[in-house]
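Chemist: just need the structure, nothing else, for what follows:
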Amino acid sequence: MEDKRMDRRKFLKAMGAFGAVAVIGPSFIGPVKQVVNGVWFNEGHGYGTDYQDYGAENVIFTTCEQCNTFCTIKAYITEGNQAGPYTSMIRKIAGNQYSPLNMVPYGAIAYQTSVDDAIKGTGDVKKGGRGARGGRICLKGQAGMQTVYDSYRVKQPLRRVGARGSGKWQTVSWEEAYDEIVNGSKTLSTPGLKELAVHAPQEEVMQDWEKVKQEEMTFNDFDQNIKTC
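Modeler: Residues are numbered from 1 along each chain as shown. Okay, here's the model as predicted:
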């Protein structure tokens, strides 16, 4: 044995490496098993024509509202539990094959294609065949199902009761929400649509603006006149 001292820096490096293996190591167990069992190298992985059958009567073409791009999508609907909370449920969300936006780089299918034929897809469910039974849709779009069914989703209007960014909210009724959106909120001291979208006749506005330029009217009075028109 050698009598060598370990300095503080080497000790911290060793402990850091040990901690990384201890934390990250378990996450590799699943992938390692898949590689050992040949899951990723089997010829049939990701190929085939076996998919749950559904027809045009089970599909609704609609618009994704998970962001302001508003992609066109199609939703596969299955029958739910008549005695439960949902009489029908979304089984799958995919991009609309008629839309070029969702079919990059393959191109949209012909608009004259019947819905029945579009639903059948290409008959090939390769991973690369994004047009198999639907076009592309991003992960945020796929989260649309969580938006609809997640038990922790927001179901009622919320009013901020703390400072911005504090994360403090209060549940209010739809009537209260509509009133504050239109007429403004006294609680938050915020204007409503009536004030934000106020319209004043152009002729009157220009006449007052000339007075402002001639210093016959202050800008504050001009602004107030517009709000009271």
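
Chemist: for the rest of this, base every contact and every neighbour count on C-alpha atoms.
Modeler: Noted.

Chemist: can you map out the helices along this protein?
Modeler: Under the criterion DSSP state H, the chain contains helices at 8-24, 29-36, 115-120, 139-142, 144-149, 174-183, 193-196, 202-213, 219-228.

Chemist: tell me what the last one is packed against?
Modeler: For helix 219-228, the elements it packs on are helix 202-213, judged by 3 or more CA pairs under 8 Å, 6 or more residues apart in numbering; DSSP states H and E.

Chemist: list the buried residues in the helix it packs on.
Modeler: Within helix 202-213, the residues that count as buried by 16 or more other CA atoms under 10 Å are 205, 208, 209, 212.

Chemist: and the angle from it to helix 219-228?
Modeler: 170 degrees (axes from the mean of the first three to the mean of the last three CA atoms, to 10 degrees).

Chemist: how about residues contacting helix 202-213?
Modeler: Residues from elsewhere that reach helix 202-213, judged by CA atoms under 8 Å, 6 or more residues apart in numbering: 217, 218, 219, 222, 226.

Chemist: pLDDT averaged over it - what is it?
Modeler: Averaged over helix 202-213, pLDDT sits at 88.

Chemist: same question, stretch 184-195
Modeler: Stretch 184-195 comes out at a mean pLDDT of 87.

Chemist: and the closest residue to residue 72 other than its chain neighbours, how close does it get to residue 116?
Modeler: In space, and not counting its chain neighbours, residue 72 is closest to residue 63: 4.5 Å by CA to CA, 6 or more residues apart in numbering. Going from residue 63 to residue 116 by CA to CA, to the nearest Å gives 20 Å.

Chemist: tell me which of these two has more neighbours.
Modeler: More crowded of residue 63 and residue 116, by other CA atoms under 10 Å: residue 63, with 16 against 12.

Chemist: wait, that one sits on residue 69?
Modeler: No: with contacts counted by CA atoms under 8 Å, residue 63 stays clear of residue 69, the gap being 9.6 Å.

Chemist: quick check, nearest of the contacts of helix 202-213 to residue 168?
Modeler: residue 226 (35.1 Å; CA to CA).

Chemist: who's in contact with that closest one?
Modeler: 198, 199, 200, 205.

Chemist: among those residues, which lie within strands?
Modeler: Among the contacts of residue 226, none falls in strands (DSSP state E).

Chemist: by neighbour count, which of those residues wins?
Modeler: Top of those by neighbour count (other CA under 10 Å): residue 205, with 16 neighbours.

Chemist: mind putting the contacts of residue 226 into a markdown table with distance to residue 169?
Modeler: As requested, these are exported to a markdown table (distance: CA to CA, whole Å):
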| residue | distance to residue 169 |
| --- | --- |
| 198 | 29 |
| 199 | 32 |
| 200 | 35 |
| 205 | 40 |
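
Chemist: now stretch 142-157 - C-alpha only, CSV.
Modeler: Taking C-alpha atoms only, stretch 142-157 is exported to CSV below (Å, rounded to 0.1, in the frame of the first residue of the first chain):
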residue,chain,number,x,y,z
GLN,A,142,-50.8,16.3,-28.4
ALA,A,143,-51.3,17.8,-24.9
GLY,A,144,-54.7,18.8,-26.0
MET,A,145,-56.1,15.6,-24.5
GLN,A,146,-54.7,16.6,-21.1
THR,A,147,-56.3,20.0,-21.5
VAL,A,148,-59.7,18.3,-21.9
TYR,A,149,-59.4,15.4,-19.5
ASP,A,150,-56.7,16.2,-16.9
SER,A,151,-58.2,16.2,-13.4
TYR,A,152,-56.1,19.2,-12.5
ARG,A,153,-57.1,21.4,-15.4
VAL,A,154,-58.6,24.8,-14.8
LYS,A,155,-62.4,24.4,-15.0
GLN,A,156,-63.6,27.8,-13.8
PRO,A,157,-62.4,31.4,-14.3
